[in-house]
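> Need coordinates for the following:
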Amino acid sequence: MLLTAIIIVVNYAVADDIKEVQTNPIVVTGSRQPALYSELSRVVTVIESEQIVNSPVKNVEELLEYVASVDIRRRGGPSAQADFSMRGGTQDQTLILLNGIPMNSSQTGHFNGNLPIALGDIERIEILEGSGARVLGTNAFSGGINIITRKKKSSNSANLSITGGEYGFYDLNLSADVSVTESFKSYASVYKQKSDGYMHNTDTDVLNAFSFNTLETEVGSFALQFGANQRNYGANSFYTALFPEQFEDVSSGFAALSYAGNFKSLNLSAQVFANRLYNRFELFRGMNEAPDWYTNHNYHRTGTIGADFKTSYSSNWGISSLGLEIKREDIISNVLGKPMEKPIKVSGTDDDYYTKEEFRNNLSVFAEHSFMAGDFISSGGLMINSNSFFGTHIFGGIDLGYKLSDENSLFLSVNRSGRLPNFTELYYEGGTDKGNPNLKPEHSLSFEIGTKYIKNYINASFSVFHNRGSNLIDWIKLKDTTLWEAQNVTKLNTFGLQTSLTLLPKQILGENCLMKFVTISYNYISSDKDSDVLESTFALDYLRHKLVFSAGLDFGSGFGTDIRFSYQEREGTYYSYEQDAELPYDKVMLAAMRFHYEMYDMVLFLDIDNVFDSKYQDIANIILPGRWLRAGFGYSLN
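This is a model prediction of the structure:
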């Protein structure tokens, strides 16, 4: 609770004579319309570009590993597979967006992080903590992560980054900013990464391509973005430790066209988007030493196509917003869905066919109003969601804030959210597992109260929250059976607190200060489950404690260091096949460092991941990499 005490003291004891340096306010899009972070009555963590560029990490999941509010559960080496969750939820209960486009897979949340971008493509990341259906849309059950990519700079430029390291690791990122005309700007990026793996069958091979293009006209701005992602990786023990020779091939692509126009007090925006994902899962890689009962791999093709329209009007009474979203999700597979009338051959195979299919349509209509009166801020909204599978559900909430001063505010929020079951939960059938096509959506009611202190050189927050989940999807096993079935049987009550403090010493003491920034944050969670069944597997192996420390040092003459530290205590136990026993998760201390030297338009860097060489696992029986050294350089041509 020391950090909480610091925040309370800061609220009332910041010296008035400290030199102030004016900076641009942070504008976040974690709402139906962009808003200043200082005015939001929610906890929103914003990771800015400078923190991203200098971080000793190579991808989004490694970056978010050092954010206290996010639980990253990796299944392998860099860019293999990682699950994103928040506030004790599962990977399916956090919504991932790319420039506001929903990227969650309707097949399984394990693929939500398969994004076609490199770390160097990102301008900032906004993390909305807590239920957010009325703000971000369906499936923002326990929060949302919106990744904002770089936009065209003022001048043409090209960027090259190359890294090499242990275990045969290398990556290459090439990007370019181009002004085609005065009004048409384009950004494009290609990223390649490969690794031999840190242990048997943990190799990775990744290829990304991404482009963001904007056209400014008299009637508004248009943006076209598209990208593709290819990931092949050895999936040692990913889904069961009984078969360590698993392998996964995941290919995905997306495209989105958007429009935004401002007409005095009226704002209009619209977008259409589509994405598709292909997945091949091999229980026995390349059929090597496969038993007779294993006759073919699992093949899936999922797709989403959608459109949304939003309008907002500003008046003396605040900002009123209306909008709608339509979306269709579909899958064809040889495992998931209902039998097809006519099988479709799997492209690139000799005799494998998609034999099952399913689809669902979704319509959301929302309204929101934000109002400021003196020091009082309020934002309330309602979303009506109608799904062809699951009927009509209403989500809504209200966020309230009160400014104690220009820097300090109190806030209170109450929100209701939901999540739709994915196709795996509905239809999967394995030797010991069976999905349920009669599942209902999950629901959550969340409460949060807290305080924020924001000045140009300090950012602090503290809040406590309580989530009440109902109709939660659980895999349960009844007495005297061996079959685990998906059912809506569980209620889950979660209590927690979060607190964070970020200081920018250079803005206090001047440019000669050694410390550029320092952040310390802490999350605590406690959950209890109410279920009437004998045995269930609902994830109660959440992070009870997560403490994060980050700092950036500037030694002058181009030399600098960035440091990340995370301490994690995971609740729950897992069955260890190696020891044939039920074991608790170990406490984990992770650290990463980057030493960098900048000269002219070039930067040289050395990264050390897992500095303490910790032996740990995020998911049962999947050992993660130990200490890993990587070095490289980046070059910018302006």
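
> So what's the residue count around Lys403?
Neighbourhood size, Lys403 [other CB atoms under 10 Å]: 18. To be clear about C-beta, it is placed using only N, CA and C from the backbone, and glycine gets the same treatment.

> List the contacts of it.
Neighbouring residues of Lys403 by CB atoms under 8 Å, 6 or more residues apart in numbering: Asp375, Phe376, Ile377, Ser409.

> And the pLDDT for Ala260?
Here, the pLDDT recorded for Ala260 equals 93.

> Kindly indicate whether it is helix, strand or coil.
strand (DSSP: H, G, I helix; E, B strand; the rest coil).

> And the average pLDDT for the helix or strand containing Ser500 is what?
Using DSSP states H and E, Ser500 sits within strand 484-503. In this model, strand 484-503 has a mean pLDDT of 89.

> by contact count, what packs against that strand?
helix 2-13, strand 433-434, strand 458-477, strand 515-531 (3 or more CB pairs under 8 Å, 6 or more residues apart in numbering; DSSP states H and E).

> what packs against the shortest one?
The elements that strand 433-434 packs onto, with contact taken as 3+ CB pairs under 8 Å, 6+ apart, are strand 484-503.

> If you count neighbours, what's buried in the strand it packs on?
Across strand 484-503, burial judged by 16 or more other CB atoms under 10 Å covers 484-490, 492, 494, 496-503.

> cool, and stretch 179-196?
Lys185, Ser186, Tyr187, Ala188, Ser189, Tyr191, Lys192, Gln193, Lys194, Ser195.

> TSV for those, including distance to Tyr597?
Below are these laid out as TSV (distance: CB to CB, whole Å):
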residue	distance to Tyr597
Lys185	31
Ser186	31
Tyr187	27
Ala188	28
Ser189	24
Tyr191	23
Lys192	25
Gln193	23
Lys194	26
Ser195	25
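
> still on that earlier bit, between the helices and strands packed on strand 484-503, which one is closest to Lys310.
strand 458-477 (27.3 Å; CB to CB).

> For the stretch 101-250 of the chain, give me the ranges with low pLDDT.
Scanning the stretch 101-250 of the chain for pLDDT under 70 picks out the ranges 152-154.

> Strands of that one, start to end?
101-102, 122-129, 143-149, 157-165, 169-179, 184-195, 204-217, 220-234, 247-263 (DSSP state E, counting those that start in this stretch).

> These into CSV, with extra columns for distance to Tyr542?
Below are these laid out as CSV (distance: least, CB to CB, whole Å):
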stretch, distance to Tyr542
strand 101-102, 24
strand 122-129, 14
strand 143-149, 13
strand 157-165, 32
strand 169-179, 31
strand 184-195, 29
strand 204-217, 27
strand 220-234, 25
strand 247-263, 25
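
> from those, which stretch is densest packed?
Of all the strands of the stretch 101-250 of the chain, strand 143-149 has the most neighbours on average by mean count of other CB atoms under 10 Å, namely a mean of 24.

> same for that strand, what does it pack against?
Using 3+ CB pairs under 8 Å, 6+ apart: strand 143-149 touches strand 94-98, strand 122-129, helix 133-136.

> burial measure for Pro343, as a count.
Neighbour tally, Pro343, other CB under 10 Å: 15.

> still on that earlier bit, show the subsequent helix or strand relative to the strand holding Ser500.
helix 506-509.

> buried sites along that next one?
Neighbour counts over helix 506-509 (16+ other CB under 10 Å) mark Lys506, Gln507, Ile508 as buried.

> Mind checking the helices and strands packed on strand 484-503 for the one nearest to Pro584?
Per CB to CB, nearest to Pro584 of the helices and strands packed on strand 484-503: strand 515-531, 16.0 Å.

> Only the buried residues of that closest one, if you could.
Quick answer for strand 515-531 (16+ other CB under 10 Å): 516-525, 527, 529, 531.
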